[in-house]
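Undergrad: dropping the sequence and predicted coords here.
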Amino acid sequence: MALPPAVEAFWNELQAARREVLREVEGLSQAQTDWKPSDKDWSIGEIVHHLTLSEISNGKLTTKLIKEGQAAGKLAPYPPDLTALTPLPTLPPGPAIETPPHIWPEKGRRLGQLLAEMNATRERSYQSIERLGSVDPRLLTWRHSTIGIEFDLGQWWRIILNHDRMHLQQIRGVKGSPGFPPTP
């Protein structure tokens, strides 16, 4: 299925951000993957697992919103004049958003397994993006459990893009921390 131009452009952005994440973790040893700057920080492996769990959750949300929208008669086709997904609102400054339990990462997972799961999840996400490109995403909304703001389906996918970018910086920070294990 050909994606609407705005959705295709978004998919390309999403893919570019993921390539950056993968490039940053490529070739890490397991010791580097599991290392944490402090007890309160996440390891690179935990960050990768969290990104994957978040994307899985977003795929499930996409399916839920479209099914519910269809059942409620709220589905409309993707509007040809929609040239971009709805931007995210500017959030007020404050403490970091607390991670919901369903996307809390596991410790000590093997890097190869983490990357295989991340890549498989992204392949499945394309199906969600195709569904996004078949409906008016502005009509399908869900309230974020920790922020308390209602986002439309396109915005939920924008969150994933921003999430990858934010955690990419976190990965770079872990790698640049004093004590990060050297490459063997």
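TA: Good, I have the coordinates.
Undergrad: all the helices of this protein, residue numbers only.
TA: Applying DSSP state H to the chain gives helices spanning 5-25, 30-34, 44-71, 111-132, 153-175.
Undergrad: out of the ones you listed, nearest to Pro101?
TA: Among those, the nearest to Pro101 by CB to CB is helix 44-71 (10.4 Å). C-beta coordinates here come from the backbone N, C-alpha and C atoms, glycine included.
Undergrad: let me see the mean pLDDT of that closest one.
TA: Helix 44-71 carries an average pLDDT of 98.
Undergrad: tell me which of the helices of the chain lies nearest to Pro89.
TA: helix 153-175 (8.4 Å).
Undergrad: quick one: the residue nearest the centre of the chain from Gly108, how far?
TA: Central residue of the chain (CA atoms, centre = their mean): Ile160, 2.9 Å from the mean position. Ile160 is 25 Å from Gly108, where distance means CB to CB, to the nearest Å.
Undergrad: now do Ser43
TA: Counting by CB to CB, the gap from Ser43 to Gly108 is 9 Å.
Undergrad: between the two, which contacts overlap?
TA: Common contacts of Ser43 and Gly108 (CB atoms under 8 Å, 6 or more residues apart in numbering): Asp34.
Undergrad: thinking again about what came up before, ok, now which ones touch the residue nearest to the centre of the chain?
TA: Neighbours of Ile160 in contact, by CB under 8 Å, 6+ apart: Leu14, Ser54, Glu55, Asn58.
Undergrad: not counting sequence-adjacent ones, nearest residue to Thr52?
TA: Sequence neighbours aside, Met118 is the residue nearest to Thr52 in space, at 4.7 Å (criterion: CB to CB, 6 or more residues apart in numbering).
Undergrad: that neighbour against Ile47, yeah?
TA: No - with contact defined as CB atoms under 8 Å, Met118 does not count as touching Ile47 (10.7 Å).
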